[in-house]
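> Following is a predicted model, sequence given first.
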Amino acid sequence: MTQSVRWIRNFVDGEFADPDGPGFPAVDPATGAEFARVHEADRELVHRAVTGARAALHNGWADTPVRERTALLRRAADRIEARFEEFVAAEVADTGKPVTQARELDVARAVANFRTFADLIAAAGQESFVTDLPGGAQALNYAVRKPLGVVAVIVPWNLPLLLLTWKVAPALGCGNAVVVKPSDQTPSTATLLAEVLAEVGLPAGVYNVVHGFGGDSAGQYLTEHPGIDGVTFTGSSATGTQVMRTVAPRVRPVSFELGGKNAAIVFGDADLDETLAGLTRSVFANTGQVCLCTERVYVQRSVFEDVAAGLVERARGLRLGDPSAERTNTGPLISPEHRRKVLDYLALAEEAGAETLTGGGIPELGPELDGGSWLEPTLWTGLTNKDRPVREEIFGPVAALIPFDTEDEAIALANDTEYGLASSVWTQDLRRGHRVAQAMHVGMSWVNTWFLRDLRSPFGGMGLSGIGREGGASSLHFYTEPTNVCVRL
Ligand SMILES: NC(=O)C1=CN([C@@H]2O[C@H](COP(=O)(O)OP(=O)(O)OC[C@H]3O[C@@H](n4cnc5c(N)ncnc54)[C@H](O)[C@@H]3O)[C@@H](O)[C@H]2O)C=CC1
Ligand SMILES: O=C(O)/C=C/C=C(\O)C(=O)O
């Protein structure tokens with residue numbers, strides 16, 4: 001008896017569309033096994049999603065009272081909690097990430113994203129100014145914030161649900177309709193979210209999902225569509241550039257969170273244990289596939305050997321293996337293609353004369369995981385800022401350790417990059433911590449911690465790392481357009 005195929009479907013105008021082609025495979029990166037087929041949206045389906053979104057705005061969603069929209073966000077959070085383990089299982093199947101991480105980071109953050117933006121939007125006020133005029137008269141200026149409109153939400157595969165809800169929650173809360181294009185590699189949780197949002201009463205057409213690839217597929221069809229009013233995108237800098245070109249003729253606003261080549265600076269006075277624990281997270285979390293991950297570790301010469309030895313020990317202690325096992329804390333890379341890219345950087349590092357302190361190869365994890373995209377956590381010394389593995393985003397469980405002598409030298413080395421996303425500074429001298437953190441040419445600068453998030457704070461990068469910020473008031477600004485009203489009193 002042939003088993004029936006499990007389909008991951010597009011959600012358009014309040015309904016799951018029936019698959020009408022061969023689709024493409026959904027593959028478990030831990031094993032390499034196909035577990036479902038994904039319905040690739042064609043141009044016509046993307047068009048239906050965008051026009052359905054526009055109709056939903058006109059049919060009342062954009063004018064729904066804020067208290068109803070925020071109540072809906074809260075119900076969505078409750079419903080994700082009720083279906084928590086389904087979301088965890090879907091995220092683990094798509095990414096191969098450890099189940100513990102999916103629970104503690106990815107799905108927990110999805111709930112927090114909905115609740116935080118419900119709170120923020122419910123409490124948001126509006127700008128107003130009283131303007132003094134000659135002769136004692138006055139005018140009142142106030143800005144009314146309106147939804148941006150139909151927002152294209154394009155997200156990558158590394159933190160699929162976290163990044164999706166980070167954008168969808170404020171977008172919906174501000175009264176927009178969205179068309180979501182998840183990565184072809186991680187289609188499941190966006191689809192599950194469609195079920196949840198329908199269950200909690202979101203009107204048809206307000207949330208749409210179109211599956212597919214980038215160029216010549218759903219991503220391009222969506223960004224080319226004249227009916228979208230803005231794009232929020234997280235992914236590579238190269239794709240960000242492409243999206244920007246596509247929307248430029250129609251002058252649509254973009255919010256881009258792109259790549260990083262993030263530095264950590266470790267001073268001689270840093271608490272060694274705390275620093276090693278922090279660096280282990282910042283280099284290897286999610287197998288190095290977080291835009292915030294550290295790939296350059298600058299260490300003051302006096303503690304270089306201790307930091308290198310300690311980090312090697314901790315890297316070797318990471319537990320790669322079956323993602324569903326509670327003890328596993330490190331998963332595979334997302335795909336064979338991505339592992340090929342990371343392996344190419346390993347070869348480049350060797351050519352540049354790097355010493356590999358640990359890792360550098362493909363681990364043997366047993367026959368069940370042989371088809372997965374596994375890679376050993378890897379640390380190098382002997383590279384400089386001139387070498388490509390120290391200049392280009394690798395997006396894997398790898399970092400270069402580089403010594404420095406003075407604070408000024410550390411700042412110069414860390415800022416010697418075209419990216420500008422995140423940094424971390426490790427020191428017990430808090431004056432220095434503030435000073436160096438502020439000198440970093442980045443959007444997010446941590447001191448004695450990493451990836452500690454307050455969702456009210458601005459998040460994003462400069463240079464090749466992006467345009468604009470999301471989080472807190474920054475999200476509310478991106479997902480709305482102000483109309484300033486000036487009344488002569
Ligand atoms: N948050 C981050 O900083 C991320 C960085 N990356 C980096 O990007 C590299 C490539 O990974 P990809 O998955 O190819 O990332 P990507 O940036 O190409 O893809 C991200 C999203 O954009 C879509 N997309 C791609 N081309 C598009 C186009 N022309 N128009 C509209 N949408 C488009 C994709 O389908 C996906 O949903 C990785 O090796 C990594 O270095 C990848 C994922 C996240
Ligand atoms: O905490 C967040 O909102 C986002 C974290 C990570 C990314 O944006 C990323 O890896 O792209």
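Received the coordinates, thanks. Nothing here was measured: the structure is a model prediction, and the numbers come from that model. Numbering: from 1, shown residues only. Ligands and ions are numbered 1, 2, ... in the order given.
> Now the element after whichever strand or helix holds Ala76, going C-ward?
Counting by DSSP states H and E, the element that carries Ala76 is helix 66-82. Downstream of helix 66-82, the first helix or strand assigned by DSSP H and E is helix 84-95.
> For ligand 2, tell me whether that following helix is touching it.
No. Judged by Cβ under 6 Å from any ligand atom, helix 84-95 stays clear of ligand 2, getting no closer than 12.0 Å. Yep, even glycine has a C-beta here, placed from its N, CA and C like the rest.
> distance between stretch 390-409 and the chain's centre?
22 Å (Cα atoms, centre = their mean, to the nearest Å).
> Roughly how far does Leu193 sit from ligand 1?
15 Å (Cβ to the nearest ligand atom, to the nearest Å).
> which residues touch that residue?
Listed by Cβ atoms under 8 Å, 6 or more residues apart in numbering, the contact set of Leu193 reads 80, 161, 164-165, 168, 207, 209.
> In which helix or strand does it reside?
Per DSSP H and E: Leu193 is located in helix 188-199.
> Pull out the buried residues from that helix.
188-194, 196-198 (16 or more other Cβ atoms under 10 Å).
> how about the CA coordinates for that helix, as CSV?
What follows is helix 188-199 as a C-alpha-only set of coordinates in CSV (Å, rounded to 0.1, in the frame of the first residue of the first chain):
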residue,chain,number,x,y,z
SER,A,188,6.1,24.2,8.6
THR,A,189,5.6,26.8,11.4
ALA,A,190,4.3,29.6,9.2
THR,A,191,1.7,27.1,8.0
LEU,A,192,0.8,26.0,11.5
LEU,A,193,0.5,29.7,12.5
ALA,A,194,-2.1,30.1,9.8
GLU,A,195,-4.3,27.5,11.6
VAL,A,196,-3.8,29.2,14.9
LEU,A,197,-4.7,32.7,13.6
ALA,A,198,-7.8,31.3,11.9
GLU,A,199,-8.7,29.5,15.2
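> and the protein, which residues reach ligand 1?
Residues of the chain lying near ligand 1 (Cβ under 6 Å from any ligand atom): 154-158, 181, 183-184, 213-215, 219-220, 223, 234-236, 239, 242-243, 258-259, 291, 338, 341, 393, 395.
> ok, back up a step: can I get the helix holding Ala76 as CSV, trimmed to CA atoms?
Coordinates of each C-alpha in helix 66-82 appear next as CSV, following Å, rounded to 0.1, in the frame of the first residue of the first chain:
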residue,chain,number,x,y,z
VAL,A,66,-7.0,48.6,18.7
ARG,A,67,-8.4,46.7,21.7
GLU,A,68,-9.8,44.1,19.4
ARG,A,69,-6.6,43.7,17.4
THR,A,70,-4.5,43.4,20.6
ALA,A,71,-7.0,41.0,22.1
LEU,A,72,-6.5,38.8,19.0
LEU,A,73,-2.7,38.9,19.5
ARG,A,74,-3.2,37.7,23.1
ARG,A,75,-5.5,34.9,21.9
ALA,A,76,-2.9,33.9,19.4
ALA,A,77,-0.2,33.7,22.1
ASP,A,78,-2.5,31.5,24.2
ARG,A,79,-3.3,29.3,21.3
ILE,A,80,0.4,28.8,20.4
GLU,A,81,0.9,27.8,24.1
ALA,A,82,-2.0,25.4,23.8
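> Pull out the buried positions in it.
69-70, 72-77, 79-80.
> and those residues, which two are the farthest apart?
The largest separation in the buried residues of helix 66-82, counting by Cβ to Cβ, is between Arg69 and Ile80 at 17.0 Å.
> picking up where we left off before, which one of the contacts of Leu193 has the most neighbours?
Leu161 (30 neighbours; other Cβ atoms under 10 Å).
> quick one, the helix or strand harbouring that residue and helix 66-82 angle?
Using DSSP H and E, Leu161 falls within helix 160-173. Counting by axes from the mean of the first three to the mean of the last three Cα atoms, to 10 degrees, helix 160-173 lies at 160 degrees to helix 66-82.
> Can you list the low-confidence ranges for the chain?
1-3 (pLDDT under 70).
> Next, find the distance separating the residue lying farthest from the centre of it from Arg488.
Within the chain, the residue lying farthest from the chain centre (Cα atoms, centre = their mean) is Gly135, at 53.4 Å. Here Gly135 is placed at a distance of 12 Å from Arg488 (Cβ to Cβ, to the nearest Å).
> what do you get for Ser302?
On the measure of Cβ to Cβ, Ser302 and Arg488 end up 67 Å apart.
> What of Gly366?
For Gly366, the distance to Arg488 - Cβ to Cβ - is 77 Å.
> chain center to the helix or strand just after the helix holding Leu161, what's the gap?
For helix 160-173, the following helix or strand on the C-terminal side (DSSP H and E) is strand 177-181. Strand 177-181 has its C-alpha centroid displaced from the chain centroid by 16 Å (Cα atoms, centre = their mean).
> what does stretch 32-45 give?
That offset, for stretch 32-45, works out to 22 Å (Cα atoms, centre = their mean).
> And for stretch 276-285?
How far stretch 276-285 lies from its chain's middle: 18 Å, per Cα atoms, centre = their mean.
> now the residue nearest to Ala439 when sequence neighbours are not counted, what's its secondary structure?
Leaving aside its sequence neighbours, Ala439 sits nearest to Ile411 (Cβ to Cβ, 6 or more residues apart in numbering; 4.9 Å). Secondary structure, DSSP: H, G, I helix; E, B strand; the rest coil: Ile411 is helix.
> before we move on, which element is Leu276 in?
helix 272-284.
> Please tell me I have it right and Ala458 contacts Arg469.
You called it Ala, but residue 458 is Pro. Yes. Under the criterion of Cβ atoms under 8 Å, Pro458 makes contact with Arg469 at 3.9 Å.
> any residues in contact with both of the two?
Gly443.
> Looking at those two, which is more packed in?
Arg469 (21 against 14).
> Just list the residues touching that one, thanks.
Arg469 makes contacts with 255, 443, 458-460, as judged by Cβ under 8 Å, 6+ apart.
> Trp166 versus the residue in the chain that ligand 1 sits nearest to, what's the distance?
Closest contact between the chain and ligand 1, by Cβ to the nearest ligand atom, is at Gly214 (2.0 Å). Relative to Trp166, Gly214 is positioned 20 Å away (Cβ to Cβ).
> neighbour count winner among those two?
Trp166 (28 against 18).
> Tell me which helix or strand Ala308 sits in.
helix 304-316.
> which strands and helices sit next to that helix?
helix 272-284, strand 294-300, strand 355-358, strand 378-381, strand 398-404 (3 or more Cβ pairs under 8 Å, 6 or more residues apart in numbering; DSSP states H and E).
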